[in-house]
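> next come a sequence and a model predicted from it.
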Amino acid sequence: MELMSNDVHKPVRCGTSIKDGVDKVQFWRVFLKHYAHPLKDWVHMWPENPKDYREKMGRYCQEVKKVGLEVMKAIVESLELNPSYITKEIEDGMQVMAVNCYPPCPQPEIALGLPPHSDYSCLTILYQSCQGLQIMDFEDNTWKAIPHIPGALQVHVGDHFEVLSNGLYKSVVHRATLNRDSTRISLTSLFSLGMDDKMETAKELVDDQNPKKYRESSFRDFLDFLSTNDFSEGNNNFIDILKIKNYN
Ligand SMILES: O=C(O)CCC(=O)C(=O)O
Ligand SMILES: [Fe+2]
């Protein structure tokens, strides 16, 4: 498998778990990840099999990007920021597509497909083929299963919108659970600014009463974090290293 790689900086790669053979704890997942925007820059690097993969996934990526942009613009507007605020950077930004496959697991109660985490993105749009996604409800600190509704897409705020909004929006903590008898597939589309564009808290949302709560960071900063973070050692969230301690 020529695309197998633990190098998280590769624009197209597949693997098992998160960094198989590197992390101490392994997760019950096989995945393919690839960049998707602008499509023409990346599509030739995607798998050639199945034969219609590039065409169908290309279409999905372009359509889901349109939905993502609408939602992201609405969030920026809800923060009462100028509508043109970072819109161009978001439009031109990165789109990463993760195709996750979780095979049937003989002991689903003692394993996970993915550990609890929040996404680094501004926004994530997820499709699941059957139930398995859970989100942490901080009202009562319990996991809530996201029901499988055919054709429905799940939308998550990611770390970079938590940073932009100075914590008015919180990134969604989620995990992937497993099924005993069936394979589960999810398609995760992550939208962020460009590779080296720093996401920072909107200046309009910072004043004496509301000090800046987060450090700025880019998608590349996240990848550097991912390449060294061991998900078995607890403190796994990118957002936690962005938090300015006195204010969080
Ligand atoms: O498979 C799922 O439901 C979750 C996938 C996910 O969290 C991710 O790809 O970041
Ligand atoms: Fe995720």
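Yep, that arrived. Ligands and ions are numbered 1, 2, ... in the order given.
> tell me what the helix or strand containing A98 is packed against?
Per DSSP states H and E: A98 is located in strand 94-102. Judged by 3 or more C-beta pairs under 8 Å, 6 or more residues apart in numbering; DSSP states H and E, the packing partners of strand 94-102 are strand 30-35, helix 53-78, strand 184-192. The C-beta positions use only the backbone N, C-alpha and C, and glycine is treated the same way.
> quick check: which of these is nearest to ligand 1?
With C-beta to the nearest ligand atom, the closest approach to ligand 1 among the helices and strands packed on strand 94-102 belongs to strand 184-192: 3.3 Å.
> which stretch among the helices and strands packed on strand 94-102 is buried most, on average?
strand 184-192 (a mean of 22; mean count of other C-beta atoms under 10 Å).
> make CSV out of the helices and strands packed on strand 94-102 and add mean pLDDT.
Output for the helices and strands packed on strand 94-102, formatted as CSV (pLDDT from 0 to 100):
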stretch, mean pLDDT
strand 30-35, 95
helix 53-78, 96
strand 184-192, 97
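> quick one: the strand holding A98 to helix 53-78, angle?
In terms of direction (axes from the mean of the first three to the mean of the last three C-alpha atoms, to 10 degrees), strand 94-102 departs from helix 53-78 by 120 degrees.
> what's the spacing between the nearest residue to L226 once chain neighbours are set aside and ligand 1?
Using C-beta to C-beta, 6 or more residues apart in numbering and skipping residues adjacent in sequence, the residue nearest L226 is V8, 4.8 Å away. According to C-beta to the nearest ligand atom, to the nearest Å, V8 and ligand 1 sit 13 Å apart.
> verify the stated contact: V8 with N229.
No. In this structure, V8 is not within contact of N229 by C-beta atoms under 8 Å, at 9.9 Å.
> using the three-state scheme, assign the residue nearest to L226.
Of the three states, V8 takes coil according to DSSP: H, G, I helix; E, B strand; the rest coil.
> for the one 10 residues further on, same thing?
Taken by three-state DSSP, the conformation at I18 corresponds to coil.
> and V43, what is it in contact with?
54, 58 (C-beta atoms under 8 Å, 6 or more residues apart in numbering).
> doesn't it belong to a strand?
No. With three-state DSSP as the criterion, V43 is helix rather than part of a strand.
> and the pLDDT at it?
We have a pLDDT of 97 for V43.
> would you mark the buried spots in stretch 214-228?
Buried positions in stretch 214-228, judged by neighbour count with 16 or more other C-beta atoms under 10 Å: 214, 217-219, 221-222, 225-226.
> contacting residues around it?
Stretch 214-228 is contacted from outside by 7-9, 18-19, 94, 120, 159-160, 162-163, 166-167, 192-201, 238-239, 241-244, using C-beta under 8 Å, 6+ apart.
> again, but for stretch 136-148
Residues from elsewhere that reach stretch 136-148 (C-beta under 8 Å, 6+ apart): 116, 128-131, 133-135, 154, 172-175, 177.
> do a quick rundown of the strands in the protein.
For the chain, the strands defined by DSSP state E occupy 12-16, 30-35, 94-102, 114-117, 123-128, 133-137, 142-145, 154-157, 174-176, 184-192.
> how about TSV for those, with distance to E77 added?
As requested, those are arranged in TSV below (distance: least, C-beta to C-beta, whole Å):
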stretch	distance to E77
strand 12-16	34
strand 30-35	27
strand 94-102	21
strand 114-117	28
strand 123-128	14
strand 133-137	24
strand 142-145	28
strand 154-157	15
strand 174-176	25
strand 184-192	16
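> out of the ones you listed, flag the one nearest N210.
In terms of C-beta to C-beta, the element of these nearest to N210 is strand 154-157, at 18.6 Å.
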